[in-house]
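Q: 3D, please:
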Amino acid sequence: MSSSSSLLGSSSSFSHLLAPYGWDADWEAEFAPFAEQGLLPGRVVRVDRGLCDVVTPVGIIRADTEFVVPRDPMKVVCTGDWVAVDPEGSDPLYVRTLLPRRTAFVRSTSSKRSEGQVLATNIDHAVICVSLAAELDLGRIERFLALAMSSSGGEALLHKSALSWESGAQPLVVLTKADLVPDAVTRAHLVQDVELSAPGVTVLTVSAVEGDGLDVLVGLVSGGTSVLLGQSGAGKSTLANALLGAEVMEVQAARDVDGKGRHTTTTRNLLALPGGGVLIDTPGLRGVGLWDAESGVGQVFSEIEELAERCRFHDCAHDAEPGCAVREAVESGELPHRRLESYRKLMRENQWIVAKTDARVRAELRREWKRRGSEGRAAMELKRGRR
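A: Predicted structure coming up:
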């Protein structure tokens, strides 16, 4: 009898061998119908041109994805997916189905077809890496956070004991290369700036070279699945190696001119952490387009959402309407003008993305533009004394 045959139907064996990769009682229940069919459970650790590496109770196998190639790009096999695969001995081996995703990190593609691109799935911690080798771009941090707080697989959401983000993934901002900012006061000011742009989110400074802050980060990501996100040159691969305790990921030096790096990581890889949990390293992201991120934007800018509840009009655009609590907060200095502009930018971008795929939203936007255009013309006529 083969090793895979002896494991079929043995839930305890599955739990023992796959637990380091996140297997739990809920996944076991989801997989039960496929266990009856003689299939093996596994988690995708890497995808490459129609094939994927899957960690199973019998080890890592190479499987074909021919039977799970949907028309919807949001449902393609991705690193982090739990799947049902053919048992050992089948030739070739195929992924037969994907189990429902709990969470997913999704961005819009740069194509003109308004498609979403899934970067990683079944995530517990979204670790946003930002290099201190370059000037902080708070707007980009807010953009990453909006995506991290919004992306969801749609089937089920994880429940957190701490902050409850809609995606089920707990966001975390890690300021890497902290050794390049040796002054503690300057470093504290940088952390404070990020904390003001990421309300309720933990912000850490870490030096993978010197080891500073690594123990705290290890403690935060030791349970569940963590995905590293950020631009090229943010130090993700160096940080991944430090967390893994081995030189697993290739590292390249960033340019001294602007702190940017080349794409060291070209695929998404899932690796088990020595202290528990798993890590998904992703290629550096040059473009971070929003994808159905309205709820995430609202959470990132929670103070603006709270102020908006006090506006005179429920549909206040926080522009020129009377009784606007948001604008009053900006004028008093309570709310930084940069935060409001960033909020407006991300909300407009998200509306545009949604409108490209939703006819109802497009119609609502057209009506809103016409209404504002009419109000603008009326205001100009009043100003010129025509009424």
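
Q: how far off centre is stretch 309-326?
A: Centroid displacement of stretch 309-326 relative to its chain, using CA atoms, centre = their mean, to the nearest Å, is 31 Å.

Q: name the helices or strands packed onto the helix or strand containing residue 143?
A: Per DSSP states H and E, residue 143 falls inside helix 138-150. Helix 138-150 sits against strand 104-108, strand 125-131, strand 170-176, helix 184-197, helix 294-300, helix 337-357, with contacts defined as 3 or more CB pairs under 8 Å, 6 or more residues apart in numbering; DSSP states H and E. Bear in mind the C-beta positions are built from the backbone N, C-alpha and C, glycine included.

Q: the fifth one: how far from the chain's middle?
A: Going by CA atoms, centre = their mean, the spacing between the C-alpha centre of helix 294-300 and its chain's C-alpha centre is 13 Å.

Q: that one - contacts with which helices or strands?
A: Looks like helix 294-300 contacts helix 138-150, helix 337-357 (3+ CB pairs under 8 Å, 6+ apart).

Q: picking that back up, could you check the helix holding residue 143 and say which residues are buried?
A: Using 16 or more other CB atoms under 10 Å as the test for burial, helix 138-150 gives 138, 140-150.

Q: tabulate those residues (CSV), appending pLDDT and distance to residue 83.
A: Shown next, in CSV, are the buried residues of helix 138-150 (pLDDT from 0 to 100; distance: CB to CB, whole Å):
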residue, pLDDT, distance to residue 83
138, 93, 38
140, 88, 33
141, 91, 33
142, 90, 34
143, 84, 31
144, 84, 28
145, 87, 29
146, 82, 29
147, 78, 24
148, 77, 24
149, 72, 27
150, 67, 25
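
Q: nearest to residue 270 among those residues?
A: Nearest to residue 270 among the buried residues of helix 138-150: residue 148, at 17.7 Å, using CB to CB.

Q: show the pLDDT at the closest residue to the closest one other than its chain neighbours.
A: Ranked by CB to CB, 6 or more residues apart in numbering and with sequence neighbours excluded, the top spatial neighbour of residue 148 is residue 126, at 3.8 Å. Residue 126 is assigned a predicted lDDT (pLDDT) of 90.

Q: check residue 290 too.
A: At residue 290, the predicted lDDT confidence score is 49.

Q: number the chain from 30, please
A: Done: numbering now begins at 30, and the last item shifts to residue 319.

Q: and the helices in the stretch 280-416 of the chain?
A: Secondary structure of the stretch 280-416 of the chain (DSSP state H, counting those that start in this stretch): helices at 323-329, 331-337, 354-361, 366-386, 388-412.

Q: the inter-axis angle of the third one versus helix 366-386?
A: Same thing as helix 354-361. 150 degrees (axes from the mean of the first three to the mean of the last three CA atoms, to 10 degrees).

Q: chain center to helix 354-361, what's the gap?
A: Distance, centroid of helix 354-361 to centroid of chain: 31 Å (CA atoms, centre = their mean).

Q: check contacts around the residue lying closest to residue 77 once chain neighbours are set aside.
A: Using CB to CB, 6+ apart and skipping the chain neighbours, the partner closest in space to residue 77 is residue 296 (6.4 Å). Contact partners of residue 296, counting by CB atoms under 8 Å, 6 or more residues apart in numbering, are 75-77, 108, 312.

Q: sounds good, over and out.
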